[in-house]
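>>> Pasted the sequence and its predicted model underneath.
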Amino acid sequence: MKILLLHSHPEPKSFSSYLKDIAVEILQNQGHQVTIKDLYRSNFNPVGGPWDFEELNDPTYFNYLKEQMNAYKNNNFVKELKAEMSTLENADFLLLNFPLWWTSFPAIMKGWFDRVFAFGFAYNPKDKSYNTGMFKGKKAMCCITCGASKEAYSEGGVHGDIIKLLDPIHHQLLYYTGMTVLPPFIAYRAHLSDQATLYKFIEEYKIHLKNIDTLKPIYSPFQI
């Protein structure tokens, strides 16, 4: 399986970055081909705008979505985005590795989706979304580190059920484009955990990764 690992953490020595390295090791040992996109290290520009296109269809009034669709139809994206899109298109599995910041991923990863999951290329609401999405056949999963405890992110906890909080990512982003969404792996309070707890997280993540072919999806266009 071809796996695109999209990593978003500014500190290479963070536990999130360590989990990224664990994923590469385990997945490659299973025979998977892993491509790593480290957004901070590559200094990815998360801001979409006119610079996403070789030329504008309407230079008098900038409409991002219309320009994305025009660029998709006319092969008019800049080389940087064409390369990102090609890597995603060739991947069977998208693994998102990030710290939970304000109930979502860091802005640099949001910007990657804004620019790479372009209108026309990744979705078309008229007939290419959810069960008929552009990326039907691909799988996706999140690996997350967060600051609060599992109890805080549970039903009735102070922050609420984390699976519900992640629904904008799981449902309205990944599943919206047709992807089969697997349950996330979450390391709670990683920055405050002792070595024994971190080791437990690592061993649990290894098991999670070794079972990606059998995990029951949260969302899937193939579910009846």
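Now that the structure is in, tell me what you want to look at. Numbering: from 1, shown residues only.
>>> For the residue lying farthest from the centre of the chain, give me the pLDDT.
Taking C-alpha atoms, centre = their mean, the residue of the chain most remote from its mean C-alpha position is Thr60, at 33.8 Å. At Thr60, the pLDDT value in this model is 97.
>>> show me where the protein has strands.
With DSSP state E as the criterion, the chain has strands at 2-7, 33-38, 93-99, 139-146, 180-181, 185-188.
>>> Would you mind listing where this protein has pLDDT under the threshold?
224 (pLDDT under 70).
>>> Quick check, central residue of it?
With distances taken as C-alpha atoms, centre = their mean, Leu96 lies nearest the centre of the chain, 3.7 Å away.
>>> In contact with the residue nearest to it when sequence neighbours are not counted, which residues?
Counting by C-beta to C-beta, 6 or more residues apart in numbering, Leu96 lies nearest to Cys142, which is 4.7 Å off, once chain neighbours are set aside. Where C-beta positions appear, they are placed from N, C-alpha and C, glycine not excepted. Cys142 sits next to 95-98, 166, 169-170, 184-185 when contact means C-beta atoms under 8 Å, 6 or more residues apart in numbering.
>>> rewinding a little: and of the strands of the chain, who's closest to Tyr219?
strand 180-181 (4.4 Å; C-beta to C-beta).
>>> Check the offset of that closest one from the chain's centre.
11 Å (C-alpha atoms, centre = their mean, to the nearest Å).
>>> what do you get for stretch 211-222?
The answer for stretch 211-222 is 16 Å, by C-alpha atoms, centre = their mean.
>>> Could you export it as PDB, CA atoms only?
Taking C-alpha atoms only, stretch 211-222 is exported to PDB below (Å, rounded to 0.1, in the frame of the first residue of the first chain):
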ATOM      1  CA  ASN A 211      -4.300  -3.600  12.300                       C
ATOM      2  CA  ILE A 212      -5.100  -0.900   9.800                       C
ATOM      3  CA  ASP A 213      -6.500  -3.500   7.400                       C
ATOM      4  CA  THR A 214      -9.000  -4.800  10.000                       C
ATOM      5  CA  LEU A 215     -10.000  -1.700  11.900                       C
ATOM      6  CA  LYS A 216     -13.700  -0.900  11.700                       C
ATOM      7  CA  PRO A 217     -14.200   2.400   9.800                       C
ATOM      8  CA  ILE A 218     -15.900   5.400  11.400                       C
ATOM      9  CA  TYR A 219     -17.100   6.400   7.900                       C
ATOM     10  CA  SER A 220     -16.900   4.500   4.600                       C
ATOM     11  CA  PRO A 221     -18.600   4.900   1.200                       C
ATOM     12  CA  PHE A 222     -18.700   1.100   1.100                       C
END
